[in-house]
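K.L.:
have a look; sequence and predicted model below, questions after that.
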Amino acid sequence: MSALLRVEDLRVRFRTMGPLKALATGTNAPFLDAVCGVSFEISKGETLALVGESGSGKSTIARTIIGLQRALSGSISFDGQEIEELTGAERKPYLRRMAMMFQDPIGSLSPRLTVRSLLTEPFRIHGLKERDAGVEAARLLRLVGLPADFARRYPHQLSGGQARRVGIARALALEPDLIIADEPTAGLDVSVQGEVLNLLARLQDELGMAILIITHNLNVVRHMTDRMAIMYLGRFIELGSTEHIFDQPRHPYTEALLAANPEPDPDAVFNRIELKGEVPSPMRRPSGCEFHTRCRYAQDICSRVFPESSTSPDDPEHSFRCHFPLAREVISGFGRPHHTLVGTK
Amino acid sequence: MTHDDPTPPPSSSRPLLEICDLNLDFGTPRGRIHALRNVSLDVPAAQVVGIVGESGSGKSTLAYTVMGLLAENADVTAGSILFEGRDLLTMTAQGRRSLLGDRLSMIFQDPMTALNPVRTIESQMIDIQHHEQGSRSEKRARAVDMLHRVGIPDPKNRLGAYPHQFSGGMRQRVCIAMALLVKPALLVADEPTTALDATLEVQIIHLLKDLQKEIGCSILFVSHHLGAVAELCDRVAVMYAGEVVEQGAVRDIFRNPAHPYTRALLECDPGRIRKSTRTLPTIPGEVPSLLGAKVGCIFRTRCQHAFDRCVQENPVEYRIGVDQVARCHLLGQERLVSA
Amino acid sequence: MVSFEADTPEINDAIDTGAFGAFLRQLCKNRLGTLGGVLVVLIAAIAVLAPLIVTHDPIQIMVGPRLAAPSLDFLLGTDQLGRDTFSRVIMGGRIPLLVAFASLGGALAVGVVLGLIAGFGPRWLDNLLLLIFDTIRSFPSIIFALAIIALLGPSLVNIILVIAITCMPGYARVARTQAQALQSSEYIAAERSMGAGTTRILAVHVLPNVIGPLVILVSMDVPAVIATSAGLSFLGMGVRPPTPDWGAILNDGYSYINQTPWIVIAGGIPIILATLGFTFLGEALRDMFDPKLRKDL
């Protein structure tokens, strides 16, 4: 199957200080690499998740795909067409075929516009004047399960869950081939989270669009996605089918993330893995494997040699960057004595 | 509805904090919002009590009421909050102030807003000890010691830093250090891990747990995160739309939830669903408006098991097992405890 | 601070009455604001309908005796040239109000456009525009006005121009700051991600959110402009006689304050009323739109 979106060796760099200040302070690289050589593909109708903590670069990837951020190098192609270089009017036809949902459900809606205007904004932007705004707004509201009289409301009159539905409806207005959902459950209560995810899943089944979900919550990913990528300091440290990664995470960071939101059970005291320290600054990347400063299995080689990407023997689609990938015994909670003896505290 | 005969406390000794039948309204231009209704809750000494609920459940309002940090339009209409036997609500403003930062302290959701951005950690940590005896250098030594205990590397040199020079997780550690520096009897923690990443949340939960054991204080831990509550707390109160619908020992609540809302909330947590599914459980409907008087069970509009009685009368607290109470008419067949 | 989200049932009535009705109702709650609004409407109406109200020709000399006290024929007496002061005061509001609306309207339009360009444009353009704004603002405005008028000669157009130029940077700066804050907001990113061009974003999504605070600023500047315009007339640098103008009336009255106080009183009271009216209205508007005070659930 041909890829709908192909990202190859994407790098995004932010300037951290002005050229004069860099000269004055003697900083020879006043940059921060938010995304460091990331490659992936999304097929038609597929769901891919980018998972990582704040500062891992997952939102930057999304913003670069949609064109809010320029890449330093690398390529982004949509339906076989290179789009990274395109700006303005050249990019517009592609923006019609992809839509992005932003983190803040209410804050991503223009505050002085009614829901009706918000939902029909995509038609006006793309000059589709022949569509009847009232009819389209009603259709989109019905699609996401909101009453028709919501068309007259303003964003501040919506609850978080309702605003999220409006955001989904707006993203679907032009029937895009790809939806990029940045933290679709952020700021929502658990009881509403499920509603929003169910809605996205149902609409994907009906309309067949591909979805790129960006989240820090692995449990959200499990029920929604076909494949997932785990990010740390702007790199993919693990990429593979969601089922395989949940079944058998290979990277210790993935293992810790998986354990970070355990089932609420007061007796399961050992199911959380505490990582030491914090995510290092991307301006001072650790040597070797960038995770070694927090890894409980880290050994000598980890601080010296950058691990190349390797693939799982039983699944060539499952790749990871680790000198000592985890094997199944560890997941069940015990075993791997030669690892637990070294480098753990 | 009043309690003539409140539920007896689980232990023989008196709890550190007793919230009794608390009712609180917010006056707004559109009428009174009944933000807390008949809230009764005990925090025993040296225990961690969790308050879980979704947004608008009143859990933060309750924490702020205990600390006396409510907005001007808040109005306590009934009830009492006994702390070490003294009613915080009838106490003079000065008496109350002398408790804050001494016997009572608080940590907030956003550590950046809780710290003064233009003063060093050192001056803030020394200031907070104004109730304590000792010279400035002794207070500084205590601050260094506390920073060390919350896991700030190189505390002697970091003491002179400003809040923005710390990362989010470190800032929350500083806040915890400040709150515990005064050796409070009760620490009120309002969503202290919500603004943090998952791996940092684990660290903070473990830190709170260790320090609580070490200092022997009680913690009132407000959170919407069920996993965090399960891990940290001894007792849990579940709040919905301004009422405590169920409370009890953490094991009972999570293993044997009695209130339909507690059950639904636990089912919604994606961490509990072992099998991959395309459809996640939800609680249909919306939290009801708290404006105006309410008759009947507050959860009935979203409850699958609602029946006639739920519309007509407010459920009282029914006792389940040894140490668990829930406000639900379904438990009416069981033994009546109050009312 | 603990707050509550607006939930479903109550907000319906807020939608039904429409924005303008809600606006008026809120304004009426503020007594000084109501007073200000009434004064402003009254003064504007009088200025517009002035030719219908005047009892005499305001520039005709010797319609009555010189420096007469108020009478039924001459409601506010007459001036040193025997002109009817009442008619002159009624007509005299047209010039200051015209100056205020033309200059502030122009300043607002130019200021918003330049401010949005500075806020959304490239860094160098922003710096350049800021430099220009600050240069203009660094001149004391009345000295600047005197210098320009001394250079170009007194005329209505020059006065309007001078006031517009001195007020513009203030509005531009406010617009720029607001636009910059909005540029990083999520909804602007959302619009960009849909393919909206910068012009559309500025016109549809930024301008409506920027204009509110500016309108308040403008309405609070109106009294200052009326005073400046009157002041320039008073200094003899405003409109030329015999055109009636509040400042000019005041100026004339001062010379004869020993003979009769009526002229000064007649020229001063409308200035005071207009100043108070616009100030009250502006403050009420500010209170209504101030995001910190907008916590109405």
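P.N.:
Ah, there it is.
K.L.:
burial of residue B:45, as a residue count?
P.N.:
Neighbour count for residue B:45, taken as other C-beta atoms under 10 Å in any protein chain shown: 16. Backbone N, C-alpha and C define where each C-beta goes, glycine included.
K.L.:
next, the one residue in chain C that gets nearest to chain A: secondary structure please.
P.N.:
At 3.7 Å from chain A, residue C:195 is the closest residue in chain C, using C-beta to the nearest C-beta. Residue C:195 falls in the coil class when you classify it by DSSP: H, G, I helix; E, B strand; the rest coil.
K.L.:
contacts only, for the spatially closest residue to it that is not a sequence neighbour.
P.N.:
In space, and not counting its chain neighbours, residue C:195 is closest to residue A:95: 3.7 Å by C-beta to C-beta, 6 or more residues apart in numbering or on different chains. Contacts for residue A:95 (C-beta atoms under 8 Å, 6 or more residues apart in numbering or on different chains) come out as A:66-67, C:193-195.
K.L.:
same question, residue B:314
P.N.:
B:1, B:38, B:295-297, B:327.
K.L.:
repeat that for residue A:202.
P.N.:
Shown here is residue A:202, which makes no contacts under the criterion C-beta under 8 Å, 6+ apart.
K.L.:
SS state for it?
P.N.:
Classified using three-state DSSP, residue A:202 is helix.
K.L.:
could you check how far it is from residue A:144?
P.N.:
10 Å (C-beta to C-beta, to the nearest Å).
K.L.:
and if you look at residue A:125?
P.N.:
Residue A:125 is 20 Å from residue A:144, by C-beta to C-beta.
K.L.:
ranges for the strands of the stretch 201-345 of chain A?
P.N.:
Along the stretch 201-345 of chain A, the stretches classed as strands by DSSP state E, counting those that start in this stretch are A:210-215, A:227-232, A:235-241, A:310-312, A:315-320.
K.L.:
and if you look at the stretch 51-200 of chain A?
P.N.:
So, for the stretch 51-200 of chain A - with DSSP E, counting those that start in this stretch - the strands run A:73-78, A:81-82, A:98-101, A:178-182.
K.L.:
same deal with the stretch 151-300 of chain B?
P.N.:
B:186-190, B:218-223, B:235-240, B:243-249.
K.L.:
what about residue B:261, distance to chain A?
P.N.:
9 Å (C-beta to the nearest C-beta, to the nearest Å).
K.L.:
show me how far the helix or strand of chain B with the lowest mean pLDDT is from its chain's centre.
P.N.:
Lowest by mean pLDDT, DSSP states H and E among the helices and strands of chain B is helix B:111-114, with a mean of 82. From the chain centre to the centre of helix B:111-114 is a distance of 18 Å (C-alpha atoms, centre = their mean, to the nearest Å).
K.L.:
and stretch C:267-279, by the same measure?
P.N.:
On C-alpha atoms, centre = their mean, the centre of stretch C:267-279 falls 12 Å from the chain's centre.
K.L.:
now the helices for chain C?
P.N.:
For chain C, helices defined by DSSP state H occupy the ranges C:11-16, C:19-29, C:31-53, C:85-92, C:94-120, C:123-138, C:141-152, C:156-183, C:186-193, C:198-200, C:207-234, C:246-255, C:262-289.
K.L.:
helices and strands around the fourth one, which ones?
P.N.:
Under the contact criterion of 3 or more C-beta pairs under 8 Å, 6 or more residues apart in numbering or on different chains; DSSP states H and E, the helices and strands touching helix C:85-92 comprise helix C:31-53, helix C:246-255, helix C:262-289.
K.L.:
let's test this: mean pLDDT of it, rounded?
P.N.:
Computed over helix C:85-92, the mean pLDDT rounds to 82.
K.L.:
low pLDDT regions in the stretch 151-300 of chain A?
P.N.:
Within the stretch 151-300 of chain A, the stretches with pLDDT under 70 are A:261-264, A:268-272.
K.L.:
which residue lies nearest the spatial centre of the chain?
P.N.:
Defaulting to chain A. In chain A, the C-alpha nearest the mean C-alpha coordinate belongs to residue A:214, at 2.1 Å (C-alpha atoms, centre = their mean).
K.L.:
should've been chain B
P.N.:
Mean-position check on chain B, C-alpha atoms, centre = their mean. Result residue B:222 at 3.3 Å.
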